[in-house]
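**Q** Predicted model and sequence follow; I will ask about them next.
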Amino acid sequence: MNFRLQAFEAIPNDQCVDKETIALETANYTETTLDLRGATESIDSSCETASNVSLDGWYEFEMPVDGSVRVTNINGFTTATLYDSCGGTEISCDFNNTTFFNLAVGTTYTLRMANTSTFADLRDFKIRAFAAPLAACAATVEFIGGVWVPNAPDITTNVILRNNYDTTTPGLGSFSACSVSLDNNVTLSIGSGDYVEVGYDINVPPTAILDILHEGSIVQRDGSSVTTNNGTVRVRKTTPFLRPRDLMIMGSPMDLETRNGVYNNAFLVLFHTTANFVPNTDVATMFPLAENFMDDNKDNWTCYNAGPIHVGEGYVVRPQSGYLDGNTTYDLVYDEGTLNNGDIPFNVVFNNDKNDSPNFLGNPYPSAINADDFIRTNSMIDEVYFWEHLTKPSNSLPGPISEELQYGRFLYVQSCGRDCGRIRSHGRYAARWEYCYGARFCDQSEYSWNGHVYE
Amino acid sequence: MTSIGSFETVALFDSCGGTGITCFYDDGFVYNLVKDATYIMRMGQVSGFTTDSSFDIQAFESLPNDEYVDRETLTITTANYLETSVDVRRVTESIDTSCETPGNTNLDAWYEFEMPVDGNVRVTGIGGFTNITVYDSCGGTEISCFIDDGFFYNLSESQNYTMGLVWFKCSQTR
């Protein structure tokens, strides 16, 4: 037998009285080293299992603004707990990346970061404050001649783009602004992985173009603000490599998109009626441990040959030209209407229980959204399911649908529920999900629905 | 000796008609035998369960750190893991620790190390039948004991305390 030993120096902020001060910013994330291998357990937070040894380090920060604090780059075995003081009241506790809301400017908060001892490791977490409500727009900057004048924008400044702006141009990149207005004939391009964060309104005049490329994001912080589209606003999505008969579930980030607009070349689009869904008993018998998205008589999916793409609705889309087309990617352009923003009403249908009430949604925003926040904000939603194709269509799988739309071909990827990290750490998911694709999504530090498609 | 059935007994004597050294059912060890000495072994089966039987027998040389007075010194650091090999088939039981079942035979090997810093020591690569115990000194007070991988917390850098050397015991239920 071989065994290994290593010493770890005690961390200076092992106890709350020795907490480390974090200089919190709104402009950037502050990165803080967290090595709990040199820590001990002080207390248990409400979201921790008491029998686990949770090694903890202590921090404090003063809120620079009224608003929220987001903690990222932590995993499912790490908890972040916020207290009003050392030995005080717990405000909130969560696994994984998390956001603490409704914090007051000038108030000092105590943060406890903890790791189950078995999984203690070196990890740098990031923390940043976000103002809410937004600050008023204070000044105006211009992008002209390839530079910002008089200075780079931030969330308090109006932006006027006098020249084309491409976030992928070296030296430019993502930016924040209080409002954004494009001059005529100007194009704002937001590349993959980049973003433009806008406090309030966006104005796109008649000959201007707002071009959000595949996996680029634009976010309006004020939910009531709008994007005035008198020119061209388009959001692009490139599908993954799709084989013949592969399909996706998709929604639209534009408010007036239509079936025969973005999906004009798609040979099949279906919409879902949750009220008609009855779990298929043959599927339940064959796969008793799997979630069951197969209907008893296939009346839950209906062909959708024309009409609007309802905001928030998730549609089955086969972007291929026919059953034999495929083995390639497909470029989709959403460009009807303007960008969605703010609260999106969606009638979640509940039949009798969770098992017979699947609702299919599409991310309605021109940005990635965070699944944890989505679940926390919408109390009627307990879990989000992602799935991928698992096998080729097969008549040997049970269900009422013929081979060309056999849902048995899908791989149900584990959900990330309210206490995903905690459940996963107990290993229950592996037993629960017959087709679990490992922990692909739950192992990610962010559950972003990047782009506008559920794979 | 292994592959011994639960209705079979092994008895060891120092000579024919001599003194019995040990006797046990099922698989087991005979400890502290002497090099070049000849021993007599008796295999027995309960009459109601007699059957053809085969067994395996192997000798293991005693480890030099079988007793805590002969402990091996390890140099641990904060920079990297120190990997150490131990074959607990070569040792005997010295004492029971707080996380062991006294009725089990817990074979143990002994080490010492000096803490390079104030802090923790993490032990990994330990199986579920193995426990690690830290003492403040040879024959001293047990500080902590755990089964499988884990941490020892709040150990002190040597120059700060009189008991700068920390002991631990590695044992394995047979």
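**A** Ah, there it is.

**Q** Give the burial count for the residue in the stretch 101-250 of chain A that chain B sits nearest to, as a bare number.
**A** Using CB to the nearest CB, the closest approach of the stretch 101-250 of chain A to chain B is made by residue A:117 at 5.7 Å. Every C-beta, even on glycine, is put in place using the N, C-alpha and C of the backbone. Other residues lying near residue A:117 total 23 when counted by other CB atoms under 10 Å in any protein chain shown.

**Q** Tell me who's in contact with it.
**A** Counting by CB atoms under 8 Å, 6 or more residues apart in numbering or on different chains, residue A:117 touches A:41, A:52-55, B:150-151.

**Q** Next, it: phi, psi?
**A** phi -60, psi -40 (degrees, to the nearest 10).

**Q** hmm, what's the outermost residue in chain B?
**A** Relative to the centre of chain B, the most outlying C-alpha is that of residue B:48, 35.3 Å out, by CA atoms, centre = their mean.

**Q** Which of the three states applies to that residue?
**A** Using DSSP: H, G, I helix; E, B strand; the rest coil, the structure places residue B:48 in helix.

**Q** for chain A, what are the nearby residues on chain B?
**A** Neighbours of chain A within chain B, by CB under 8 Å from any CB of the partner chain: B:74, B:76-78, B:80-88, B:113, B:115-127, B:130, B:132, B:149-151, B:153-155, B:170, B:172.

**Q** try 6 Å
**A** B:76, B:78, B:81-86, B:116-126, B:151, B:153 (CB under 6 Å from any CB of the partner chain).

**Q** can you list the weak-confidence ranges in the chain?
**A** The chain I'm using is chain A. A:290, A:372, A:386-455 (pLDDT under 70).

**Q** hmm, I had chain B in mind actually
**A** Scanning chain B for pLDDT under 70 picks out B:158-174.

**Q** where exactly do the helices run in chain B?
**A** Per DSSP state H, chain B carries no helices over any range.

**Q** so what are the domain limits for it?
**A** B:1-59, B:68-169 (automatic domain parsing).

**Q** quick one, which of those is nearest to residue A:125?
**A** domain B:68-169 (19.9 Å; CB to CB).

**Q** For chain B, which segments count as strands?
**A** Secondary structure of chain B, counting by DSSP state E: strands at B:8-13, B:20-25, B:40-45, B:72-74, B:82-85, B:106-114, B:119-124, B:130-135, B:142-147, B:150-155, B:165-173.

**Q** want to throw these into TSV with distance to residue A:235 and mean neighbour count?
**A** Below are the strands of chain B laid out as TSV (distance: least, CB to CB, whole Å; neighbours: other CB atoms under 10 Å in any protein chain shown):
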stretch	distance to residue A:235	mean neighbour count
strand B:8-13	77	18
strand B:20-25	75	14
strand B:40-45	81	12
strand B:72-74	61	12
strand B:82-85	54	13
strand B:106-114	61	22
strand B:119-124	48	23
strand B:130-135	57	23
strand B:142-147	55	18
strand B:150-155	50	21
strand B:165-173	61	22
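
**Q** any chance of these in TSV, with distance to residue A:177 too?
**A** What follows is the strands of chain B, written out as TSV (distance: least, CB to CB, whole Å):
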stretch	distance to residue A:177
strand B:8-13	84
strand B:20-25	81
strand B:40-45	88
strand B:72-74	59
strand B:82-85	54
strand B:106-114	58
strand B:119-124	47
strand B:130-135	58
strand B:142-147	55
strand B:150-155	48
strand B:165-173	59
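
**Q** and chain A, which residues reach chain B?
**A** So far as CB under 6 Å from any CB goes, chain A lies against chain B at A:1-10, A:37-38, A:40, A:117.

**Q** Dihedrals phi and psi, the spatially closest residue to residue A:108 that is not a sequence neighbour?
**A** The shortest distance from residue A:108 to any non-neighbouring residue, by CB to CB, 6 or more residues apart in numbering or on different chains, is to residue A:62 (4.8 Å). Backbone torsions for residue A:62, taken as degrees, to the nearest 10, come to phi -110, psi 130.

**Q** Residue A:62: neighbour count?
**A** Neighbours around residue A:62, by other CB under 10 Å: 15.

**Q** Residue A:190 now?
**A** That count, for residue A:190 with other CB under 10 Å as the rule, works out to 26.

**Q** Also residue B:15?
**A** Count around residue B:15 with other CB under 10 Å applied: 10.

**Q** how near is the residue lying closest to it once chain neighbours are set aside to chain A?
**A** Spatially, and ignoring its direct neighbours in sequence, residue B:15 is nearest to residue B:40 (6.0 Å; CB to CB, 6+ apart). Taking CB to the nearest CB, to the nearest Å as the measure, residue B:40 falls 32 Å from chain A.

**Q** Which strand residues bridge residue B:40?
**A** Residue B:40 has the following beta-bridge partners by DSSP bridges: residue B:13.

**Q** I'd assumed residue B:12 was in contact with it.
**A** No - the criterion here is CB atoms under 6 Å, and residue B:40 misses it with residue B:12 at 7.1 Å.

**Q** Show the backbone phi and psi for residue A:283.
**A** Main-chain torsions, residue A:283, degrees, to the nearest 10: phi -60, psi -40.

**Q** ok, now how distant is the nearest residue to it once chain neighbours are set aside from residue A:358?
**A** The spatial neighbour of residue A:283 that comes closest, neighbours along the chain excluded (CB to CB, 6+ apart), is residue A:294 at 4.4 Å. Residue A:294 is 10 Å from residue A:358, where distance means CB to CB, to the nearest Å.

**Q** Now stretch A:162-178: buried residues?
**A** A:164-167, A:172, A:175-178 (16 or more other CB atoms under 10 Å in any protein chain shown).

**Q** which outside residues touch that stretch?
**A** A:137, A:142-144, A:153-159, A:183, A:186-191, A:194-195, A:197-199 (CB atoms under 6 Å, 6 or more residues apart in numbering or on different chains).

**Q** how about a cut-off of 7 Å?
**A** A:137, A:142-146, A:153-159, A:183, A:186-191, A:194-200 (CB atoms under 7 Å, 6 or more residues apart in numbering or on different chains).

**Q** do the same with stretch A:5-17
**A** Taking CB under 7 Å, 6+ apart as the rule, stretch A:5-17 contacts A:18-20, A:35, A:37-40, A:42, A:57-59, A:86-87, A:110, B:74, B:76-78, B:80-82, B:115-123.

**Q** Please identify the nearest residue in space to residue B:5, excluding sequence neighbours.
**A** residue B:53 (6.3 Å).

**Q** can you count the residues close to the one you found?
**A** Residue B:53: 13 surrounding residues under other CB under 10 Å.

**Q** ok, so what distance separates it from residue B:7?
**A** With the distance defined as CB to CB, residue B:53 ends up 10 Å from residue B:7.

**Q** Give me the common contacts of these two.
**A** Listed as contacting both residue B:53 and residue B:7 by CB under 7 Å, 6+ apart are residue B:45.

**Q** residue ranges for the strands of the stretch 251-400 of chain A, please.
**A** With strands called from DSSP state E, counting those that start in this stretch, the stretch 251-400 of chain A shows them at A:268-272, A:301-303, A:315-318, A:331-334, A:386-389.

**Q** Out of these, which one sits most buried?
**A** When neighbours are counted by mean count of other CB atoms under 10 Å in any protein chain shown, the highest per-stretch mean among the strands of the stretch 251-400 of chain A falls to strand A:315-318, a mean of 23.

**Q** by contact count, what packs against it?
**A** Applying 3 or more CB pairs under 7 Å, 6 or more residues apart in numbering or on different chains; DSSP states H and E, we find strand A:315-318 packed against strand A:248-250, strand A:268-272.

**Q** Between those, which one is closest to residue B:139.
**A** strand A:248-250 (68.3 Å).

**Q** Please point out which parts of that closest one sit buried.
**A** A:248-250.

**Q** just these now: which is nearest residue B:20?
**A** residue A:249 (76.6 Å).
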